[in-house]
Structures are given as C-alpha cells and as structure tokens.
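**Q** Just need the structure, nothing else, for what follows:
(3 chains)
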Amino acid sequence: MEAAGVKVDTYRMGEITARLADRVEELEAKAYELAGEEFMLGSTQQVARVLFEKLALTPGRKGKTGYSTDTRVLRTIRGEHEIVGLLEEWRELTKLVNTYLGPLPTLIGEDGRLHTTFNQAVAATGRLSTSNPNLQAIPIRTELGREIRSAFVAEPGHKLISADYSQIELRILAHVSGEPKLREAFERGEDVHTATATEVLGVEPAKLTKGERSIAKMINFGIVYGISAFGLSENLEIPREQAQQYIDAYLARFPHVQDFIARTIEEATRDGYVTSLLGRRRPVQEIRAQNRQTRSLGERLAVNFVMQGSNADIIKVAMIRIHERLRNEGRSARLVLQVHDELLLEAPDAEVAAVKELVREEMCGAYALDPPLGVDVGAGTDWNEAKD
DNA sequence: TCTGTCACG
DNA sequence: ACGTACGTGACAGAC
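**A** Modelled structure (predicted):
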C-alpha cells in the first residue's frame, strides 16, 4: 500500500548534490593520476585489476569472479596506497548521489511529498519492506548521510516525531529466554553491550575500552542473527578459534540463552516451523536438510525469527493502536513511516507534546514484555533532528 | 539477468 | 572439508 508521504526539502538536497559533484570529479582525476591510466571507478573488475595487478596491493577475499574490492577489503589495505582512500570516498559519495540525491527529488508527487510503497507480504519474518523508493534505507551512519536525512522535513508549523524501540530484539531475547542477568541489565537501565562485555570478557564496566564494548556488541548481534564461530570471526576479523571461545564464554555466562537456542532448534526441527511471540509462524524446511550447511542456515533462521519476527509483530500492534488513538482523539498528526523498530510521525506544533506521549504509551504497551519495552521519542523540524 | 556492492534495521 | 553471520531494496557494470 502507498502511504501518506513525507516532505523533502529539494533545495537542501540540491545544495548537497552540487557540492558533491565537484568532489567526485576531483577524486576521479586524482585516481587516474595515481593509477597511471583512466579506468571506471565503478567497475569492480577494473578496480581489482588496478589495485591487485597494476599496483600489486594485498588482495583479500575472493568472490565468484575474482578478488573482492568491497569496503572491508579497502579498509584493510588503506595504508598501502593513497588511491585506496580516494576510492573509498568515491564509493561513499557516488552511492549517496546515485541512490538518494539524484533519484529522490524526481519521485516527489504532485502533493510535494515522497510516497513509498509498503510491502506487507514480502519479508519471511513478517517485517514490512518499502520500495520505489526504499525509505527504510535512508542514510544515517555517516556525516554526509545524516545531512541527506536532514532533508526529510516537516510541513511548516509541524514537527516530525521519531520514536524507536530501544534494543528491542535483545529485550525479546531476555524475555523468551528468561535469562536473569540479561533481564536485570535492562530493568536497571544498564547498557546491554557493557553488560555482555562484563560477563564474556570479564572486564568491569569502569575499565571497559571502546574496543571491548564493540566486541561485546558484535557478539550480541551474532546471538540475534543465530551465531556461528565463522560469522563472528569474519566480523571481528579474529581467528575462528577465538570467536568460538567468545561464544562458549557467552553461553556459559547466559545459560538460559543457551537453553532458548537449543529449545528453539529442537522445536523447529520437530514442527518444521518456528513461532513468534504473537503466534506468527515461519516455515524453516532448511532445518531438516541433509546438507549440514543448509541445516545450519535453518537453525540460524529459526533462532533469528523469534526476535526479528516478534519485533515485527509488536511494532505492528503499536501502529494499529496509534492510528486508532490519533483518530479517536481527533488529532491531525499522522504516521508517515515505519523503519522496523522506529515510527516517524508528522504532527502540528500544538499536538507534539501530546502525540509524543501517546506514541510512547502505545509502543511501550503494545506487548507486556519482561523486561519491559523501552522507547526513545524525539521531535524536530527534520528527521535527523527528531532522532537526537 | 546475474553479480558485487552498499544503503537501512 | 565444507563455507555463513539475520532481514530487506537499489544501482552500476558484466555477461
């Protein structure tokens, strides 16, 4: 279905685009000079030839067709040659120009708003997806990305309200596993990655380094994704044996999580499907495969579905109730976007305070989780500001 | 049309 | 010995 739409400041986008055009040309010219030839910076084939044959830089992983030139490979060889940094910046800029800054202004409707399509029966987990354009993938992770996000604005006299669930998938894990240490961490309002680091790495919160917290964060991601030693080792760029040690330590420290994983895999193998908190089922035929690799995939899908699928259930309940209450209470505020664990609304200035509270109540109350659901709510004239 | 890459959660 | 972290969509270049 097509949704209400969101306003875009095309002038702001145009300014960013103009600034980037010059920089992209500059990067291309410098790259040609350093390579000693002109080549297509967008061609992975030509980039691989220049980096790994002509300049003899250290190749990393291989794909089906040759050496990979992806972000992670470039990051590891950044120090070997000046051209690598240029290429990284070129990739970031052209991605943002070609996917967002260029296309989005052309898609604005007669009402001056950008309309996406919400797909309700695409994702196997029960998540929504969006397309044409994909407004669930608007940049945020880089400074330039945030600038683009700030071009999504409220109508004059209105604000955008952004409300997102805090660590919802790990809270769901704490709930379904009943793991006391995890539940208590959330109930005390502690940082969950710090809590994981304390248990797995045996480091006191006060002495924790950024690197150690980042390791714990990746372990938590891994648990949600259906962990594997290989996956964790790839992401942390550590030996598989060390990754396995982290996993063993985690499961020993959070034994109820270990039980939850085992129970979920057993049930999915027995039934051929797995069930979310609100009763949605996902078939996982892969879990009964003879092939070990396929079976492992099935196990990860089953475990991940409990968290990702339950998250999808819960936010849908919240959306329905918010929509009902806005209507019943005569508000002109409206929902404009859902981004998996975040809701974006547009409200007249006079309604902002009340709607923020309404949204918080309905998101927190959508499901009685133990630990309870947590929500961060903010408002601003643009999407970036609303998330602060 | 497929592959690699990368934007988001 | 195998080879992967879960879920999506869009774009450029190769085929």
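
**Q** Write down the beta-bridge partners of residue A:377, one by one.
**A** On the basis of DSSP bridges, residue A:377 is bridged to residue A:163.

**Q** and if you look at residue A:382?
**A** residue A:153.

**Q** got the residue ranges for the strands in chain A?
**A** A:6-8, A:113-114, A:117-119, A:129-131, A:152-153, A:158-165, A:273-275, A:281-283, A:334-338, A:342-348, A:375-380 (DSSP state E).

**Q** Does DNA strand B have contacts with stretch A:226-243?
**A** No - in terms of CB under 7 Å from any atom of the strand, no part of stretch A:226-243 sits within range of DNA strand B; the closest distance is 11.3 Å. Yep, even glycine has a C-beta here, placed from its N, CA and C like the rest.

**Q** Pull the distance from stretch A:121-137 to the chain's centre.
**A** Counting by CA atoms, centre = their mean, to the nearest Å, stretch A:121-137 is centred 13 Å from the centre of its parent chain.

**Q** Now do it: everything it contacts.
**A** A:6, A:103-104, A:107, A:114, A:116-120, A:276, A:280, A:282, A:301, A:304-305, A:308-309, A:311-313, A:316, A:337-340 (CB atoms under 8 Å, 6 or more residues apart in numbering).

**Q** quick one on the thing from earlier: which one of the strands of chain A lies closest to DNA strand C?
**A** DNA strand C sits nearest to strand A:129-131 of all the strands of chain A, at 3.3 Å, using CB to the nearest atom of the strand.

**Q** Residue A:183 is in contact with residue A:370, correct?
**A** Yes - using CB atoms under 8 Å, residue A:370 is in contact with residue A:183, at 6.6 Å.

**Q** joint contacts of the two?
**A** Common neighbours of residue A:370 and residue A:183 (CB under 8 Å, 6+ apart) are A:174, A:175.

**Q** Between these two, point out the one with more neighbours.
**A** residue A:183 (19 against 11; other CB atoms under 10 Å).

**Q** The more buried one reaches residue A:174, doesn't it?
**A** Yes - between residue A:183 and residue A:174 there is a contact under CB under 8 Å: 4.7 Å.

**Q** what touches both of those two?
**A** What both residue A:183 and residue A:174 touch, as defined by CB under 8 Å, 6+ apart, is the set A:370, A:371.

**Q** Show the contacting residues for residue A:313.
**A** A:126, A:276, A:277, A:278, A:280, A:367.

**Q** out of everything not next to it in sequence, what's closest to it?
**A** In this structure, residue A:313 finds its nearest non-sequential neighbour in residue A:278, 3.8 Å apart by CB to CB, 6 or more residues apart in numbering.

**Q** related to what we said a few turns ago, present the strands of chain A as JSON lines; the columns should include mean neighbour count.
**A** Shown next, in JSON lines, are those (neighbours: other CB atoms under 10 Å):
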{"stretch": "strand A:6-8", "mean neighbour count": "21"}
{"stretch": "strand A:113-114", "mean neighbour count": "18"}
{"stretch": "strand A:117-119", "mean neighbour count": "15"}
{"stretch": "strand A:129-131", "mean neighbour count": "16"}
{"stretch": "strand A:152-153", "mean neighbour count": "23"}
{"stretch": "strand A:158-165", "mean neighbour count": "24"}
{"stretch": "strand A:273-275", "mean neighbour count": "19"}
{"stretch": "strand A:281-283", "mean neighbour count": "15"}
{"stretch": "strand A:334-338", "mean neighbour count": "20"}
{"stretch": "strand A:342-348", "mean neighbour count": "22"}
{"stretch": "strand A:375-380", "mean neighbour count": "18"}
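
**Q** Same list, those, but as a markdown table with distance to DNA strand C and mean pLDDT please.
**A** Compiled in a markdown table, the strands of chain A are given as follows (distance: least, CB to the nearest atom of the strand, whole Å; pLDDT from 0 to 100):
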| stretch | distance to DNA strand C | mean pLDDT |
| --- | --- | --- |
| strand A:6-8 | 15 | 97 |
| strand A:113-114 | 12 | 96 |
| strand A:117-119 | 5 | 97 |
| strand A:129-131 | 3 | 97 |
| strand A:152-153 | 16 | 98 |
| strand A:158-165 | 14 | 98 |
| strand A:273-275 | 11 | 98 |
| strand A:281-283 | 9 | 98 |
| strand A:334-338 | 12 | 98 |
| strand A:342-348 | 12 | 98 |
| strand A:375-380 | 19 | 98 |
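
**Q** Need these in CSV (columns: distance to residue A:144).
**A** Converted to CSV, the strands of chain A look like this (distance: least, CB to CB, whole Å):
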stretch, distance to residue A:144
strand A:6-8, 17
strand A:113-114, 19
strand A:117-119, 26
strand A:129-131, 22
strand A:152-153, 15
strand A:158-165, 20
strand A:273-275, 39
strand A:281-283, 37
strand A:334-338, 21
strand A:342-348, 21
strand A:375-380, 19
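
**Q** out of these, which comes closest to residue A:49?
**A** When those are compared by CB to CB, strand A:129-131 sits nearest residue A:49, at 34.3 Å.

**Q** Is that closest one positioned near DNA strand B?
**A** No - taking CB under 7 Å from any atom of the strand as the criterion, strand A:129-131 and DNA strand B are apart, separated by no less than 9.1 Å.

**Q** Just the CA trace of stretch A:179-195, in CSV.
**A** The C-alpha trace of stretch A:179-195 is given here as CSV (Å, rounded to 0.1, in the frame of the first residue of the first chain):
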residue,chain,number,x,y,z
GLU,A,179,17.9,-15.1,31.3
PRO,A,180,18.1,-13.3,34.7
LYS,A,181,21.4,-11.4,34.0
LEU,A,182,20.0,-10.1,30.8
ARG,A,183,16.6,-9.1,32.2
GLU,A,184,18.2,-7.4,35.2
ALA,A,185,20.5,-5.4,33.0
PHE,A,186,17.5,-4.0,31.1
GLU,A,187,15.5,-3.5,34.3
ARG,A,188,18.3,-1.5,35.8
GLY,A,189,18.6,0.6,32.7
GLU,A,190,22.2,-0.6,32.0
ASP,A,191,23.9,-0.6,28.7
VAL,A,192,23.4,-4.2,27.4
HIS,A,193,26.7,-4.3,25.4
THR,A,194,28.5,-3.3,28.5
ALA,A,195,26.7,-6.0,30.5
